[in-house]
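*Asks:* below are the sequence and a predicted model; questions follow.
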Amino acid sequence: MHAAPLPIYPVSAIRDLEALAIPGAMPPLMERAGEAAATLALSLLKTPAAVLIACGPGNNGGDGFVMARLLRDAGHAVHIAFAADPERLPADAASAHAAWLAAGGETLPELPPTPPGGWALVVDALFGIGLQRPLEGRYAEWIDSLNTQPCPRLALDIPSGLDADTGRCLGPCFAATHTLSFIALKPGLLTLDGPDQCGLVQVAALGLDPQALLPAPGHSIAPGLFETRLRPRRRNSHKGSHGDVAVIGGAPGMVGAALLAGRAAASLGAGRVLVGLLDPSALSVDPLRPELMFRTATALLEGPLPNALVVGPGLGQSDNAGRCVDQAIGLPVPLLLDADALNLLALSAARQETLARRQHPTLLTPHPAEAARLLACGTTEVQADRLAAARRIARRLQAWVVLKGCGSIVAAPDGAWWINSSGNPAMATAGMGDVLSGLVGTLLAGGWNAGEALLAGVHLHGCAGDHLSATLNIDSGLLADEMSTAARHCFNAWIRPPTMRDTATWDGPAHP
Ligand SMILES: NC(=O)C1=CN([C@@H]2O[C@H](COP(=O)(O)OP(=O)(O)OC[C@H]3O[C@@H](n4cnc5c(N)ncnc54)[C@H](O)[C@@H]3O)[C@@H](O)[C@H]2O)[C@@H](O)CC1
Ligand SMILES: Nc1ncnc2c1ncn2[C@@H]1O[C@H](COP(=O)(O)OP(=O)(O)O)[C@@H](O)[C@H]1O
Ligand SMILES: [K+]
């Protein structure tokens, strides 16, 4: 069994879920949320300790009051900072506040001074999915102060100040080491600033089965999504069984990009990899990867059709590059456009119309700047709502799209979407995108459909980066060309039957 994707609900859908779940929910959801938070807190606290909980004016504050009561019952010295008007708390939060006072607890209108031994835990129960604008004044000051505490910092539901739908810090934002999100994941936990602000994310479903109440609008990416493809190769197969990938790119000065894509494709097991370069004076062999076959871009586009075509790595934006893109769009093969092929696409409405009418699978792999060009807007607008941007491109161009970056978004032409959580900032180096294109190209050439190939390629690429960061023990300085063998290692771990995954004979090298 491979890991299953997790459901993700934007705020509007969480509100719908709450409305479906709340009638008859006993104990009330807030009680369950506070209890789940207390359980997590207890796992972080060893001996009776000083805990600070900052409670806000809404139901997120209510979760904090419930948690406080339970931690106090467990023998911890719990201090609550609460500056709002108790008369204006929503009903459930008002009950939780009253129960806290009835249990002998008190609230302070300001953050108390740090006790001599320091706080053992600080909890952000200020704002959850009801955040409407940037935090300012007292709450902004509280956040700044809480963020300096050198102890575990736990956010309830979502770090205060983070937009739950977009992952954008609206202003000052709680920097959690742990986030316990209620009912289900929200997109903002997983993309843009979310992963930095949330720390370790855990979900407390509060006894609900969200998917049974309301189908999830989106999902995380996990191998369970494409597990029917994760099978060992048939012994009776040959290179023709695994497909030809052609990579078109490599204009003068950028040949390396095409090589990176080609090498990645070969390492993942493409039957054959052909590289069509635009640079007429480039090498005709890659001495470090002599398996690659070199052609001119023109010859490759006019020759026998490959099983998948990747156009863009190091392509440049010359007239010749434009002709290659136009020709590629017209070919009856699965087509992945990356890098300058996307920029050339953005330059021509006619090209976009032709692309949207293709009868064969089309995949687009923009980073935020390329996405902005495709949408004729600024990168800031793309990053302000990455999910919306990816979905808009996918719908408009009737293509499978990955909007790359921290928490890559995959969007389907029909509006479906996924968020990837593998990968890390060591991967923020030149050439990483070229490697992704090569990996996805190989899966396409192997007969995977566009959605499976893109979801798997994106997840695999991140897993390879994580694997390298862990085995080489590096946070910085990951080289794109190192990724190919790591992707090979991770992919082989996926396709091995479970009985063979742990045996020495079948395990890959510790340092691929
Ligand atoms: N409704 C439910 O059944 C459940 C809700 N839960 C909790 O309830 C939270 C949502 O509660 P609410 O809808 O009350 O929202 P919040 O508690 O997130 O905040 C809403 C309050 O904050 C104010 N506010 C928003 N932005 C502000 C800003 N920048 N500065 C100052 N005030 C601001 C609003 O006017 C409102 O009074 C969830 O995140 C979760 O923690 C959980 O108890 C699980 C169950
Ligand atoms: N901070 C990060 N977290 C996760 N993945 C990242 C991060 N930075 C970069 N990546 C991944 O590395 C790749 C970079 O692609 P791209 O920006 O096109 O690079 P290039 O154009 O140099 O090849 C993308 O797949 C992206 O998602
Ligand atoms: K919070």
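*Replies:* It's in. Numbers count the residues shown, from 1 in each chain. Ligands and ions are numbered 1, 2, ... in the order given.

*Asks:* how many residues are close by D209?
*Replies:* 9 (other CB atoms under 10 Å). C-beta: built from backbone N, CA, C; applies to glycine.

*Asks:* quick one: contacts for the nearest residue to A205 once chain neighbours are set aside?
*Replies:* Excluding the flanking residues, the one nearest A205 by CB to CB, 6 or more residues apart in numbering is I183, at 6.1 Å. Residues in contact with I183, defined by CB atoms under 8 Å, 6 or more residues apart in numbering, are 9, 14, 17-18, 21, 29, 203-206, 208, 210.

*Asks:* mind pulling up the phi and psi values for the residue of the stretch 101-250 of the chain found nearest ligand 2?
*Replies:* Distances between the stretch 101-250 of the chain and ligand 2 by CB to the nearest ligand atom are smallest at P195, namely 7.8 Å. Here is the backbone geometry of P195 (degrees, to the nearest 10): phi -60, psi -40.

*Asks:* mind naming the longest helix for this protein?
*Replies:* helix 450-472 (DSSP state H).

*Asks:* what does the helix or strand that it is followed by contact?
*Replies:* Later in the chain than helix 450-472, the nearest helix or strand by DSSP states H and E is helix 483-495. If you take CB under 8 Å, 6+ apart as the criterion, helix 483-495 is touched by 2, 223, 230-233, 263-264, 266-269, 427, 432, 435, 438-439, 460-461, 463-465, 467-468, 501, 508-509, 512.

*Asks:* any idea how far helix 483-495 is from the chain center?
*Replies:* Mean C-alpha position of helix 483-495 versus that of the full chain (CA atoms, centre = their mean, to the nearest Å) differs by 19 Å.

*Asks:* in it, what's buried?
*Replies:* Residues of helix 483-495 classed as buried: 483-494 (neighbour count, 16 or more other CB atoms under 10 Å).

*Asks:* what about that helix, near ligand 2?
*Replies:* No: with CB under 6 Å from any ligand atom as the criterion, ligand 2 is not reached by helix 483-495; the gap is at least 9.1 Å.

*Asks:* show me the contacts of helix 483-495 that map onto helices.
*Replies:* Using DSSP H, the members of these that fall in helices are 263-264, 266-267, 432, 435, 438-439, 460-461, 463-465, 467-468.

*Asks:* let's see the longest helix of the chain as PDB, backbone CA atoms only.
*Replies:* C-alpha atoms of helix 450-472 as PDB (Å, rounded to 0.1, in the frame of the first residue of the first chain):
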ATOM      1  CA  ALA A 450      -0.900  13.200 -18.500                       C
ATOM      2  CA  GLY A 451      -2.300  13.600 -15.000                       C
ATOM      3  CA  GLU A 452      -0.500  10.600 -13.500                       C
ATOM      4  CA  ALA A 453       2.700  11.600 -15.100                       C
ATOM      5  CA  LEU A 454       2.600  15.100 -13.900                       C
ATOM      6  CA  LEU A 455       1.500  14.200 -10.300                       C
ATOM      7  CA  ALA A 456       4.000  11.500 -10.000                       C
ATOM      8  CA  GLY A 457       6.800  13.500 -11.600                       C
ATOM      9  CA  VAL A 458       6.300  16.500  -9.400                       C
ATOM     10  CA  HIS A 459       6.100  14.300  -6.200                       C
ATOM     11  CA  LEU A 460       9.100  12.200  -7.200                       C
ATOM     12  CA  HIS A 461      11.200  15.300  -8.000                       C
ATOM     13  CA  GLY A 462      10.500  16.700  -4.500                       C
ATOM     14  CA  CYS A 463      11.200  13.300  -2.900                       C
ATOM     15  CA  ALA A 464      14.500  13.100  -4.700                       C
ATOM     16  CA  GLY A 465      15.400  16.500  -3.400                       C
ATOM     17  CA  ASP A 466      14.400  15.500   0.100                       C
ATOM     18  CA  HIS A 467      16.300  12.200  -0.200                       C
ATOM     19  CA  LEU A 468      19.500  14.100  -1.200                       C
ATOM     20  CA  SER A 469      19.100  16.700   1.400                       C
ATOM     21  CA  ALA A 470      18.800  14.000   4.100                       C
ATOM     22  CA  THR A 471      21.500  11.600   2.800                       C
ATOM     23  CA  LEU A 472      24.000  14.400   2.000                       C
END
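
*Asks:* show me the contacts for C169.
*Replies:* For C169, the contact set (CB under 8 Å, 6+ apart) comprises 161-163, 193, 197.

*Asks:* can I get the residues you listed in a markdown table with secondary structure, neighbour count and distance to M293?
*Replies:* Below are the contacts of C169 laid out as a markdown table (DSSP: H, G, I helix; E, B strand; the rest coil; neighbours: other CB atoms under 10 Å; distance: CB to CB, whole Å):
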| residue | secondary structure | neighbour count | distance to M293 |
| --- | --- | --- | --- |
| G161 | coil | 25 | 53 |
| L162 | strand | 30 | 48 |
| D163 | coil | 23 | 48 |
| D193 | coil | 21 | 43 |
| Q197 | helix | 24 | 47 |
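
*Asks:* tell me the pLDDT at the one residue in the stretch 401-512 of the chain that gets nearest to ligand 3?
*Replies:* When scored by CB to the ion, the stretch 401-512 of the chain has G407 as its residue closest to ligand 3, at 19.2 Å. Looking at G407, its pLDDT stands at 98.

*Asks:* now, among the contacts of I183, which is nearest to L146?
*Replies:* Nearest to L146 among these, counting by CB to CB, is A204 at 21.4 Å.

*Asks:* for ligand 2, what's its nearest residue on the stretch 1-150 of the chain.
*Replies:* Per CB to the nearest ligand atom, I8 is where the stretch 1-150 of the chain lies closest to ligand 2, at 17.3 Å.

*Asks:* count of neighbours near that residue?
*Replies:* As a burial measure, I8 scores 23 neighbours (other CB under 10 Å).

*Asks:* now do the contacts for it.
*Replies:* 184-187, 190, 216-220, 419 are the contacts of I8 under CB under 8 Å, 6+ apart.

*Asks:* repeat that with 10 Å
*Replies:* Residues near I8 by CB atoms under 10 Å, 6 or more residues apart in numbering: 184-190, 210, 216-220, 387, 417-419.

*Asks:* residues in contact with the helix or strand bottoming out on mean pLDDT in the chain?
*Replies:* In the chain, no helix or strand scores lower on mean pLDDT, DSSP states H and E than helix 11-21, which sits at a mean of 92. Contacts of helix 11-21 with the rest of the structure, by CB under 10 Å, 6+ apart, involve 7, 9-10, 25, 29, 59, 128-131, 157-158, 163-165, 181-188, 206-218.

*Asks:* apply 8 Å and report the result again.
*Replies:* Contact with helix 11-21 is made by 9, 29, 129, 164-165, 183-184, 186, 206, 208, 210, 213-214, 216-217, as judged by CB under 8 Å, 6+ apart.

*Asks:* repeat for stretch 132-151
*Replies:* Contact partners of stretch 132-151, identified using CB under 8 Å, 6+ apart, comprise 52, 54, 56, 81, 83, 111, 114, 118-122, 124, 126-127, 153, 160-161, 170-175.

*Asks:* that one: end-to-end distance?
*Replies:* 28 Å (CA to CA, to the nearest Å).

*Asks:* buried residues, it. List them.
*Replies:* Counting neighbours by 16+ other CB under 10 Å, one finds that the buried residues in stretch 132-151 are 135, 139-140, 142-143, 145-147, 149, 151.

*Asks:* which of the residues you listed lies closest to L71?
*Replies:* Checking the buried residues of stretch 132-151 against L71 by CB to CB gives C151 as the nearest, at 14.3 Å.
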